[in-house]
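Chemist: need a structure here:
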Amino acid sequence: MIVRLALAAMLVMAPAMAADSPKLLTWPDLITRPRPAADATISYGPALEQRVDVWTPAGPGPFPVVLMVHGGCWQSDIADRSLMNWIAADLRSAGIAVWNIDYRGVDRAGGGYPGTFQDAATAADLLRSKAKQYHLNLNNLVAVGHSAGGHLALWLAARHRIAATGPLHSAHPIAIRHVISLGGLPDLEATSRSPDNGCGTDVVSKLVGSGRADPFADTSIPRLLPLGADQQLVNGHEDGIIPFRFATDYVQRAKAAGDSATLHAIAATGHVELIAPETPAWAQAKRLIRAALAK
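Modeler: Numbers count the residues shown, from 1 in each chain. I've put the predicted structure just below:
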């Protein structure tokens, strides 16, 4: 399995660092390392991207579970689920199982609206029928998403808020009560108006589709508030891909809607550090995961 990162494009979008700025990790710093392997892979559809990797710790279980969602600007040519392998392996070694989902990006046949969202939903809901086989404790579950995956992780927790009249409605979505977003883009409307974000603005229109009176009503997280889930956002101050204001603005809106939402700002941290297991950013995310699983 190959991580298909459009490295040059993403790095060009990042602002130039001042001479006294901290040295940040680049994508090659992460993806050129030896890549750990999952314990099993499950197919939930015919497309290459319709897969879930299962990471199970040693022992009989049942194990607490992280439902993991990769980023990559919602584009399969930029990244796939294997981008998360290093932190998935770190969680596995800590006794936490990982359900690492993939999905068709907007650049794949059937991706975009509604396919990208339906893939994420199907992969998440599959947990219920596979939990016994892999000794997973669904009463001890937290969703973790990075970048565009942060948006999708929050969206998975918001599915019960989607109106029954649309294609993204599910009668009984898997319940997600804790979400940790690592450098996410929760507000698609804000992203679509912000050319300084590393994903650009055109991808949002491909993701939310057209031909509907309100394409953000069932896709953008602020429009689905309150989620009724505890939301923890971990963002780097020096993230050149995701503007820091995306996190501060979203947390303010979530709190105003009555949700529990907290922003953890990590100094000397960009976008890659959020999913590199040796960093202070991941150490903070891991603490939050443990805390959520202990509740």
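Chemist: longest strand anywhere in this protein?
Modeler: strand 136-146 (DSSP state E).
Chemist: residue contacts, Pro226?
Modeler: 254, 257-259 (Cβ atoms under 8 Å, 6 or more residues apart in numbering). Backbone N, C-alpha and C define where each C-beta goes, glycine included.
Chemist: same question, Arg108
Modeler: Residues near Arg108 by Cβ under 8 Å, 6+ apart: 47, 49, 76.
Chemist: would you turn the contacts of Pro226 into a markdown table with pLDDT and distance to Arg108?
Modeler: Compiled in a markdown table, the contacts of Pro226 are given as follows (pLDDT from 0 to 100; distance: Cβ to Cβ, whole Å):
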| residue | pLDDT | distance to Arg108 |
| --- | --- | --- |
| Ala254 | 98 | 31 |
| Ala257 | 98 | 33 |
| Gly258 | 98 | 37 |
| Asp259 | 98 | 32 |
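Chemist: if you look at the residues you listed, which of them are in helices?
Modeler: Among these, the members falling in helices (DSSP state H) are Ala254.
Chemist: most neighbours among the contacts of Pro226, please name it.
Modeler: Neighbour tally across the contacts of Pro226 (other Cβ atoms under 10 Å): the maximum, 24 neighbours, falls on Ala254.
Chemist: report the beta-bridge partners for the closest residue to that one other than its chain neighbours.
Modeler: Nearest non-adjacent residue to Ala254, counting by Cβ to Cβ, 6 or more residues apart in numbering: Ala261, 3.7 Å away. Following DSSP bridges, Ala261 is listed with bridge partners Gln231.
Chemist: I'd assumed Tyr250 was in contact with Ala261.
Modeler: Yes - between Ala261 and Tyr250 there is a contact under Cβ atoms under 8 Å: 7.5 Å.
Chemist: still on that earlier bit, what residues does the residue nearest to Ala254 make contact with?
Modeler: Contacts of Ala261 by Cβ under 8 Å, 6+ apart are 230-233, 250-251, 254-255.
Chemist: I appreciate the help and will end here.
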